[in-house]
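[1] Here is my input; please provide its structure:
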Amino acid sequence: MLMRTDPFRELDRLTQQFLNTTGTWSRPTPMPLDAYRTGDEYVICFDLPGVDPQAIDIDVERNMLTVKAERRPRQEGEGVKWELSERPLGVFSRQVMLSDTLDPEGITADYDSGVLTLRIPVAEKAKPRKIAIGHSDGRKQIQA
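    Next up, the predicted model:
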């Protein structure tokens with residue numbers, strides 16, 4: 001139901017991690033995600049620890065779901081001397097192609113403990129359904 005869109009994304013992630021680069025709006029860093037189906041919905045969880053919920057942007061255009069977020073440096077005040085800074089800052093983004101069997105109009109989003117969770121319902125047209133079998137001789141229809 002979900003399709004990967006960029007075969008080089010993992011290579012970009014490893015390169016950025018090795019070079020310790022910061023994501024920008026024109027070249028964002030990819031964020032890790034998990035995706036699974038439960039019942040009649042797909043669930044996608046994005047790791048965004050330390051990101052203010054106001055700094056998360058979720059868009060759907062046609063069947064392309066885009067999540068962008070920005071983690072800004074903490075303002076500790078004057079006289080603070082950083083000894084170590086390993087947590088990545090900057091812009092993070094991920095795009096996921098949604099299949100036609102999902103309903104992008106029904107997407108819901110929750111953010112808790114640094115995890116953005118999107119729930120995408122399966123479209124009615126993609127759900128299993130019973131088909132009535134008719135008889136041409138006028139007898140009563142039966143359900144299959």
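
[2] For the residue nearest in space to the middle of the chain, name its beta-bridge partners.
    The centre of the chain sits closest to I44, judged by C-alpha atoms, centre = their mean, with a distance of 5.1 Å. On the basis of DSSP bridges, I44 is bridged to A35, L118.

[3] residues in contact with it?
    L2, L33, D34, A35, L65, V96, T117, L118, I120 (C-beta atoms under 8 Å, 6 or more residues apart in numbering). (C-beta placed from N, C-alpha, C; glycine too.)

[4] Show the model's pLDDT score for it.
    Listed pLDDT for I44 reads 97.

[5] how about the strands of this protein, start to end?
    2-3, 29-30, 33-38, 41-47, 56-61, 64-71, 90-98, 108-112, 115-121, 132-133, 142-143 (DSSP state E).

[6] I'd like to know which of those strands is closest to L84.
    strand 64-71 (16.6 Å; C-beta to C-beta).

[7] So which elements touch the closest one?
    strand 41-47, strand 56-61, strand 90-98, strand 115-121 (3 or more C-beta pairs under 8 Å, 6 or more residues apart in numbering; DSSP states H and E).

[8] Pretty sure D34 sits against Y42.
    No: the pair D34 / Y42 is not scored as a contact, 11.1 Å apart, by C-beta atoms under 8 Å.

[9] More neighbours: which of the two?
    Neighbours were counted for D34 and for Y42 using other C-beta atoms under 10 Å; Y42 has more, 23 against 11.

[10] residue ranges with poor pLDDT in this structure?
    Applying pLDDT under 70 to the chain picks out residues 1-28, 126, 138-144.

[11] looking at it, D57 is touching L65, isn't it?
    No: when contacts are counted by C-beta under 8 Å, D57 is not listed as touching L65 (11.6 Å).
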